[in-house]
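S.K.: Requesting a structural model of the entry that follows:
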Amino acid sequence: MARNVWRKSSRSGSTGNCVETKASGGAFCVRDSKLGDNSPVFGMTREDFSGFLRSTK
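M.R.: Take a look at the predicted model:
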């Protein structure tokens, strides 16, 4: 995964209502895609991000 690039799920609908993620060092950042740069950004460890992915599947 390219670092410092926001990525949205390929399963995201055309309305854009989804979360975006990016790798940042050894952690991940998550934000609301519809708010873009105005969205709050939440930082997660790799372990937290893995749990987040498991819970959303």
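S.K.: any idea which residue sits dead centre in this protein?
M.R.: The chain has residue 21 as the residue nearest its centroid, 2.1 Å off, counting by CA atoms, centre = their mean.
S.K.: Which strands and helices lie in contact with whichever strand or helix holds it?
M.R.: Under the criterion of DSSP states H and E, residue 21 resides in strand 19-24. Packed against strand 19-24 by the contact rule (3 or more CB pairs under 8 Å, 6 or more residues apart in numbering; DSSP states H and E) you find strand 7-8, strand 27-32. For every residue, glycine as well, the C-beta is placed using N, CA and C.
S.K.: doesn't residue 33 make contact with residue 8?
M.R.: Yes. Taking contacts as CB atoms under 8 Å, residue 8 lies within contact range of residue 33: 5.3 Å.
S.K.: Which one's more surrounded, the two?
M.R.: residue 33 (18 against 12; other CB atoms under 10 Å).
S.K.: hmm, back to that, report the beta-bridge partners for the residue nearest to the centre of the chain.
M.R.: residue 7, residue 30 (DSSP bridges).
S.K.: That one reaches residue 29, doesn't it?
M.R.: Yes. Using CB under 8 Å, residue 21 is in contact with residue 29, at 6.7 Å.
S.K.: sorry, back to before: who's in contact with the residue nearest to the centre of the chain?
M.R.: Counting by CB atoms under 8 Å, 6 or more residues apart in numbering, residue 21 touches 6-7, 28-30, 49.
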